[in-house]
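Asker: sharing a model that was predicted from the sequence below.
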Amino acid sequence: MGGKDAIKFELLATDRNTKARRGRLTTPHGEIDTPVFMPVGTAATVKAVKPEDLRALGARILLSNTYHLFLRPGHEIVREAGGLHAFMNWDGPILTDSGGFQVFSLAAMRRISEEGAEFRSHIDGSKHMLTPEKSIEVQNALGADIIMAFDECADYPIDHRRAEEASERTSRWLERCKAAHEDTDRQALFGIMQGGMYKDLRRRSAERIVAMDLPGYAIGGLSVGEPKALMYEILDDCDDLLPREKPRYLMGVGSPDALFEGVARGVDMFDCVLPTREARHGAAMTSRGGLNIKNARFERDFGPLDPECDCYTCTHYSRAYLRHLFKSGEMLSATLLSLHNLRFLVRAAEGIRRSIESGEFVAYKEAFLRKYYFDGE
RNA sequence: GUGGGUAUCGUCAAGUGGUUAAGACACAGGAUUGUGGCUCCUGUAUACGUGGGUUCGACUCCCACUACCCACC
């Protein structure tokens, strides 16, 4: 066991009217101001975007994935390359997901036992086994600053008994993850709260994982198809259930409204594939709401995607050109729209941080969301 | 000029005597939340080359014309 934690978290300011927090997370690869939005780079790359461009648009920490890198190219190869940072040319902080969620969302023929999850690869159908120990071994080889516990993410909807089973197993697996993870001053292990949409299970899950005194905690099992109101209801309790002096990470959430509502409920970290996936499908987030660049109405629109945006795409290209690129199947389309959507969420997080510092978080949140969801174009 | 072939939505392409003429692409709209990038869902079209004929009934059979393709001169 190491003598100190890999990360340090300080709270710099808190909001008077909500649970919003302004913090700073120090990792072996640098500091992160929170609340933070983390772009997702599943296969050791944020699809279509170079690391230097991520840095330039304000991204400070990336998420990557155990499941994908374990299957391809294999974690030993990444280790030989000098670890994930060197392999993908990103020297900032990285967080790796444990592979738990992916086994459930991607792999075919999964079989869950107390030991772990047996599954078939979505790439070639080959059979594999991930256990808490294996997930930690892979994540140790990858070398991310923050690594995640191997958890079982319950479907929605799911009955109380099966949600309890998954949640309790996640807690037992967390003990094994913690035992397997030795280099705690190089990589911080986060535990994951489960419990489906059941408040009693959420509370018990939180108590179990908090008792293990980890450097950070994640809220898992949300945004899995439930109504947003229900997600917010579950989030309402999280500030009380999780220690205030540790970072909280809401997994997989990142629509503009969820970002603000999560922050208002005490969440510090978010990740989401939405900005990059939507970009590849022609959808853009703008200060006046989402738009679909495919739409015929942009054919002769020579203005920027979002007049209020300072990103590379908005300062150099028109909607008409972006529409042309998309309609032509040009890959630059994915790059330019990804740069914009990522900048949009990173900038939203910047605004959130400033507003918490100045005590105007609620006003900022309301103005932002009103413009996004009601103003339109 | 002679012989042969082909003409069905913007494009490609089923249908070959019998109700509202497939489908794909394109086009149009939507979806997307711990990522199988080029995916999924939905929608639209005054499409049977032109003019005659046969038939109860023609995209389908016959004749002529027009256009394009191939071969020959």
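Answerer: The structure has been received and is ready for your questions. Residues are numbered from 1 along each chain as shown, chains lettered A, B, ... in the order given.
Asker: quick one: contacts of stretch A:150-157?
Answerer: A:98-101, A:104-105, A:112, A:116-117, A:130-132, A:135-136, A:162-163, A:166-167, A:169-170, A:173-174, A:177, A:192, A:194, A:196-197, A:220-221, A:224-226 (Cβ atoms under 8 Å, 6 or more residues apart in numbering). Backbone N, C-alpha and C define where each C-beta goes, glycine included.
Asker: same thing but 7 Å
Answerer: A:98-101, A:104, A:112, A:130, A:132, A:135, A:162-163, A:166, A:169-170, A:173, A:177, A:192, A:194, A:196-197, A:220-221, A:224-226 (Cβ atoms under 7 Å, 6 or more residues apart in numbering).
Asker: and for chain A, the residue most distant from the center?
Answerer: A:R300 (35.9 Å; Cα atoms, centre = their mean).
Asker: contact residues of the stretch 1-150 of chain A facing RNA strand B?
Answerer: A:39-43, A:46-47, A:63, A:65, A:97-98, A:100-102, A:105-106, A:108, A:122-123, A:148 (Cβ under 7 Å from any atom of the strand).
Asker: which of the residues you listed fall within helices?
Answerer: Among those, the ones falling in helices (DSSP state H) are A:G100, A:F101, A:Q102, A:S105.
Asker: may I see the PyMOL selection of the buried members of those?
Answerer: Buried residues among these (16 or more other Cβ atoms under 10 Å), as a PyMOL selection:
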select buried, chain A and resi 100+101+102
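Asker: can you say which of the residues of the stretch 1-150 of chain A next to RNA strand B are buried?
Answerer: Applying 16+ other Cβ under 10 Å to these flags A:39-42, A:46-47, A:63, A:65, A:97-98, A:100-102, A:106, A:148 as buried.
Asker: from these, which is closest to A:S358?
Answerer: A:P39 (26.2 Å; Cβ to Cβ).
Asker: got a list of what that closest one touches?
Answerer: Neighbours of A:P39 in contact, by Cβ under 7 Å, 6+ apart: A:V46, A:L54, A:A59, A:L62, A:T276, A:L342.
Asker: with adjacent residues omitted, what lies nearest to the first one?
Answerer: By the measure of Cβ to Cβ, 6 or more residues apart in numbering, the closest residue to A:V46 outside its immediate chain neighbours is A:P39, 4.9 Å from it.
Asker: before we move on, back to that, can I get the contacts of A:P39 in a markdown table including pLDDT?
Answerer: Shown next, in a markdown table, are those (pLDDT from 0 to 100):
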| residue | pLDDT |
| --- | --- |
| A:V46 | 97 |
| A:L54 | 98 |
| A:A59 | 98 |
| A:L62 | 98 |
| A:T276 | 97 |
| A:L342 | 98 |
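Asker: which of these fall within strands?
Answerer: A:L62 (DSSP state E).
Asker: just among the contacts of A:P39, which is most surrounded?
Answerer: Among the contacts of A:P39, A:V46 has the most neighbours (other Cβ atoms under 10 Å), with 27 neighbours.
Asker: dump the residue contacts of that residue.
Answerer: A:P39, A:V40, A:L54, A:L62, A:T276.
Asker: out of these, who's nearest A:D213?
Answerer: A:L62 (26.6 Å).
Asker: distance of the closest one from A:M88?
Answerer: 8 Å (Cβ to Cβ, to the nearest Å).
Asker: and for the two, which residues touch both?
Answerer: Joint contacts of A:L62 and A:M88 (Cβ under 7 Å, 6+ apart) do not exist.
Asker: if we can go back for a sec, tell me the one of the contacts of A:P39 nearest A:I158?
Answerer: A:T276 (28.5 Å).
Asker: any chance of TSV for the contacts of A:P39, columns distance to A:A188?
Answerer: Below are the contacts of A:P39 laid out as TSV (distance: Cβ to Cβ, whole Å):
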residue	distance to A:A188
A:V46	22
A:L54	21
A:A59	19
A:L62	15
A:T276	25
A:L342	24
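Asker: closest to RNA strand B among the contacts of A:P39?
Answerer: A:T276 (3.1 Å; Cβ to the nearest atom of the strand).
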